[in-house]
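Chemist: Fold the following and give me the result.
(chains A and B)
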There are 2 protein chains.
Amino acid sequence: MAIGNLFKTQLKVVNIGLASFKESLDQSKVPAVQVDWRPPVKVDEEVLAAVEAAAADIDKANEKAVKLILSGKPSLVGLGRALDVVPGMKKNLILHAGPPISWERMCGPMRGGVIGALLYEGMAKTPEEAEKLASSGGIEYSPCHEHQAVGPMAGIISPSMPVFIVKNEGHGNFSYATMNEGLGKVLRYGAYGEEITARLKWMETVLYPILKGALASLGRIDLKNLIAQALHMGDEAHNRNRAATSLLFRQLAPAIVRTCPDAERAAKVLEFIHGNDHFFLNLSMAASKATLDAAQDVPLSSIAVVMARNGTDFAIRLAGTGGEWFIGPAPVPDALYFPGYSKDDANPDIGDSAITETNGLGGFSIAASPAIVQFVGGSAADALRYTRQMYEITAAENSVYQIPSLNFRGAPTGIDVRKVIEKGILPVIDTGVAHKKPGIGQVGAGILSAPAEPFVKALIGLSKKLAKGKPNRAKKTVAA
Amino acid sequence: MAIGNLFKTQLKVVNIGLASFKESLDQSKVPAVQVDWRPPVKVDEEVLAAVEAAAADIDKANEKAVKLILSGKPSLVGLGRALDVVPGMKKNLILHAGPPISWERMCGPMRGGVIGALLYEGMAKTPEEAEKLASSGGIEYSPCHEHQAVGPMAGIISPSMPVFIVKNEGHGNFSYATMNEGLGKVLRYGAYGEEITARLKWMETVLYPILKGALASLGRIDLKNLIAQALHMGDEAHNRNRAATSLLFRQLAPAIVRTCPDAERAAKVLEFIHGNDHFFLNLSMAASKATLDAAQDVPLSSIAVVMARNGTDFAIRLAGTGGEWFIGPAPVPDALYFPGYSKDDANPDIGDSAITETNGLGGFSIAASPAIVQFVGGSAADALRYTRQMYEITAAENSVYQIPSLNFRGAPTGIDVRKVIEKGILPVIDTGVAHKKPGIGQVGAGILSAPAEPFVKALIGLSKKLAKGKPNRAKKTVAA
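Modeler: You can find the predicted model right below:
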């Protein structure tokens, strides 16, 4: 077609890049097609060259890391009081989601969670007193992840809270998580006050001993098997846990009836679990944490073993870089907001729950959960697309965690930070969204991409390790 | 390409019709493609012309029938003893699956079920005594379907058996089904003897009163809502009921704990339900029966309201032809057989469970249940294909029963016998397979097509009604 003729025809726009450009065209009814493209993530050439040069060593390390992850066997083996069982727990210590953060930099919901915990612990009588104490220097803060623990949203664990004890029976390591409080005004969304304290006290004095007794009579509950079944039943084990909660309930109920001497208390405990389809979430997280921790120290590996957010920062850790956090600002999720709320109300991304994605579940397995799109937005086809994309940035497939609609293909597992950078595809996380003010609770749920910055920094961090590692590897070669 | 050259190239076979021809080619490693085609079902031209001439009237009747089906609201409202609650039940009456059948024509598993029921009722002391009584003329037999009831496989209901009572709250009609006995050697697969009698007695004396008490305290359980949720959780509500059983369990457990005075008995009841993922099957069937019975008398409608098999015959009933059964031989299913069994061991298709397909569930909604292909054979893509095909022969979509992977499209509902004949597409049923000898139990599970004969006969039956109806309709036209 001659150029002269081109402009005589009806023109159509192919928009590459920011979707908002296309939205304006849509409003003006100009035909336009959106191309899902983003520029490759920019990283210093020297870093890329160093990582490229060590490709064979990194591949070998990744193979080892992935093997450790895939052979994880998380089981629920008990419950205990955080102070008694969580490593490093102290009376004036509060654990929180995400990477380390000071009181000053904490977001609203996390501050609310801390206030709620201090009220529950009886360390303060009013919210004002709690806030004063929280900022006084008398309370220490530390990430759950640095204590073999995980927590959804604010992720607050205080000393008196009962926690699930999960054992990775493949490797002998343990992980810990609180029991899920349910929906509405709850501590993990930053709510505090009498109602919240009363519920936490009931969980400590009624729910905890009854579950502990029931579990003791059962011995253990195989969480890997349970999650595998739940993926066949429409859960993705992050934002949809209805099936896993149901299967857990079925296992626990007869044991609760046998071990609890008071029928009414037993019924109340059953109703509490029945009333909260997210009850299993904390166990899915603890199972993922126990699984990934087995691979947390594999030198040179570029596989992510933690993705976590504190509502201010988003951070990751790699198997090959020890305990180092690679941090960037947490994004505000584009979500399906509950009636009356919008993105203006939303807190930046928060919670340790992205440990499920790090383990191949959640957004990575969302194709197993077409029904979740009614909660997080999109279509069933989108769910398939998200999971298919995640195979591009992962090193393995988990043959136990299967996606039925992809003909039982294993969940994409083991995020390789090299692939994330090279392909410019960022991990997909499907998440709940907290109101930015403490105490209001959940305002939506949605799918979001992890920010690029932590992954860029992680690759730089890995390249530094490579530089340090070189002499040793050279020596070994000489010795061989 | 010149014909001369054709035979110099590598030839490939396109096989149309019987797949077994292609199997031989496969064995000889000849490249061949199977075309999924079957000849249109042959029906007398006069019948087709009569039905075609009345198309507008039939369409109008079908609209009414479908409206009645879609507006069904099945709820579990109670339990009772068959003799006390099932319409027409008598002390010497045994109900069975499928269309009417004499003792002489009954298949092995159905005879076994009758023997087991007579032993359970104490009407015979030994299997030999039971067999003698069964064939003596002293026992009457009648289809479950003629007593507002349904039963899986042999479908035996004897007078002392407890039954679920389901009410269609949209229309006021009731349906009945026994409680599911579990897997292994069970009455519905034709097993009888001490073990079977003991289990049935336990169900009568422990399970029944406890469930009755728990349900009374709850009032009712909304089965339509429960099935809708289960379709979002990988069930198709015929051969996969794990999610629905779990959701039912969650509702019942707290009520059982509160109403059962003995904790150990309560625990045993919970374990019994927990131990059987098919526990909900009988409720899915009763819910479908109550739903479809509302449309069982809509003159001129070509919508099927019953598909049922007695292990010898396969039969259907239409909304527009009253209680008439249209019968043909039951096919032997091509199934995924359990280790040690083959098609030679299989009994022809048996059970009232195809009432779920008649209601848009089971094989019709199999796309909601990709995980079921591991049990019945095929791939996740096959499941999608089966459901898509069923839209071709149905009159409506059920907006409450949704298929998540088809972006929440409603289940294909209301089999129009005209479309079945015209398109040559027969209803897909996913079913359990019984051993042909009594007492052995289930030997496999699979997908099968309903046989054509009952549908051809049904169309003929409908055309006869049209002929009878003509003078009336003509009169009406004159009067108008």
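
Chemist: list the contacts for the residue sitting nearest the centre point of chain A?
Modeler: Nearest residue to the geometric centre of chain A (C-alpha atoms, centre = their mean): residue A:354, 1.6 Å. By C-beta atoms under 8 Å, 6 or more residues apart in numbering or on different chains, the contact list for residue A:354 reads A:307, A:308, A:309, A:362, A:427, A:429, A:431, A:450. Yep, even glycine has a C-beta here, placed from its N, CA and C like the rest.

Chemist: nearest to chain B, of those residues?
Modeler: Distance ranking of the contacts of residue A:354 against chain B, using C-beta to the nearest C-beta, places residue A:362 first at 17.4 Å.

Chemist: hang on, the earlier thing: lowest pLDDT pick from the contacts of residue A:354?
Modeler: Of all these, residue A:431 has the smallest pLDDT value, namely 89.

Chemist: ok, that one touching residue A:449?
Modeler: No: with contacts counted by C-beta atoms under 8 Å, residue A:431 stays clear of residue A:449, the gap being 11.1 Å.

Chemist: So the two - more neighbours on which side?
Modeler: Shown here are residue A:431 and residue A:449; by other C-beta atoms under 10 Å in any protein chain shown, residue A:431 has more neighbours (28 against 16).

Chemist: So is the helix or strand hosting the more buried one next to chain B?
Modeler: Using DSSP states H and E, residue A:431 maps to strand A:428-434. No: interface with chain B: strand A:428-434 contributes nothing (C-beta under 8 Å from any C-beta of the partner chain), its closest point being 15.2 Å away.

Chemist: Same check on stretch A:263-279?
Modeler: Yes: using C-beta under 8 Å from any C-beta, stretch A:263-279 comes into contact with chain B via A:263, A:264, A:266, A:267, A:268, A:270, A:271, A:274.

Chemist: residues in contact with the second one?
Modeler: Residue A:264 makes contacts with residue B:258, as judged by C-beta under 8 Å, 6+ apart.

Chemist: swap in the last one?
Modeler: For residue A:274, the contact set (C-beta under 8 Å, 6+ apart) comprises A:249, B:250, B:251, B:253, B:254.

Chemist: make it 6 Å
Modeler: residue B:250 (C-beta atoms under 6 Å, 6 or more residues apart in numbering or on different chains).

Chemist: ok, back up a step: quick check, nearest of the contacts of residue A:354 to residue B:410?
Modeler: Checking the contacts of residue A:354 against residue B:410 by C-beta to C-beta gives residue A:362 as the nearest, at 28.7 Å.

Chemist: So the nearest residue to the closest one once chain neighbours are set aside: helix, strand or coil?
Modeler: Excluding its sequence neighbours, the residue lying closest to residue A:362 (C-beta to C-beta, 6 or more residues apart in numbering or on different chains) is residue A:238, at 3.1 Å. Here residue A:238 is coil, with the state taken from DSSP: H, G, I helix; E, B strand; the rest coil.

Chemist: who's in contact with residue A:238?
Modeler: A:353, A:356, A:361, A:362, A:430.

Chemist: So among these, where is pLDDT lowest?
Modeler: Ranking the contacts of residue A:238 by pLDDT, residue A:430 lands last with 91.

Chemist: In TSV: the residues of stretch A:263-279 next to chain B, plus pLDDT and secondary structure.
Modeler: What follows is these, written out as TSV (pLDDT from 0 to 100; DSSP: H, G, I helix; E, B strand; the rest coil):
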residue	pLDDT	secondary structure
A:263	96	helix
A:264	96	helix
A:266	98	helix
A:267	98	helix
A:268	98	helix
A:270	98	helix
A:271	98	helix
A:274	98	helix
